[in-house]
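S.K.: Attaching a predicted model along with its sequence, questions to come.
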Amino acid sequence: MITKNIKIELPSGLDARPVALLVQVASQYESSIYVENGNKRINAKSIMGMMTLGLSAGETITVSVDGADEEKAMENIEKYLANKN
């Protein structure tokens, strides 16, 4: 399992469209992927769950990835959130 704190650098934060794209990125991987913010822990492959977080640009979240392709999944999620696609 890999756990990492990642700062959201997307200009609009994680509103509807960026959340949908993050879910698409996460769904490409077999690994379990969770996003934590405060006391909430949400499956990153759940669009409705991710929408409940209401994350803004500049906020830091904790991403946990566990599975066979965890390193590649973490790399691409971090790249997406850092706005380096």
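M.R.: Here it is on my side, so go on. Residues are numbered from 1 along each chain as shown.
S.K.: Can you report how many residues neighbour E71?
M.R.: 12 (other C-beta atoms under 10 Å). Yep, even glycine has a C-beta here, placed from its N, CA and C like the rest.
S.K.: and what of E9?
M.R.: 13.
S.K.: Just give the closest residue to it, not the sequence neighbours.
M.R.: N83 (4.5 Å; C-beta to C-beta, 6 or more residues apart in numbering).
S.K.: Next one: the one you found, what pLDDT does it get?
M.R.: You'll see N83 listed with a pLDDT of 88.
S.K.: ok but it is inside a helix, no?
M.R.: No - assessed with DSSP: H, G, I helix; E, B strand; the rest coil, N83 is coil; it does not lie in a helix.
S.K.: residues contacting it?
M.R.: Listed by C-beta atoms under 8 Å, 6 or more residues apart in numbering, the contact set of N83 reads E9, L10, P11.
S.K.: how far away is the last one from K84?
M.R.: As for P11, its distance to K84 is 13 Å (criterion: C-beta to C-beta, to the nearest Å).
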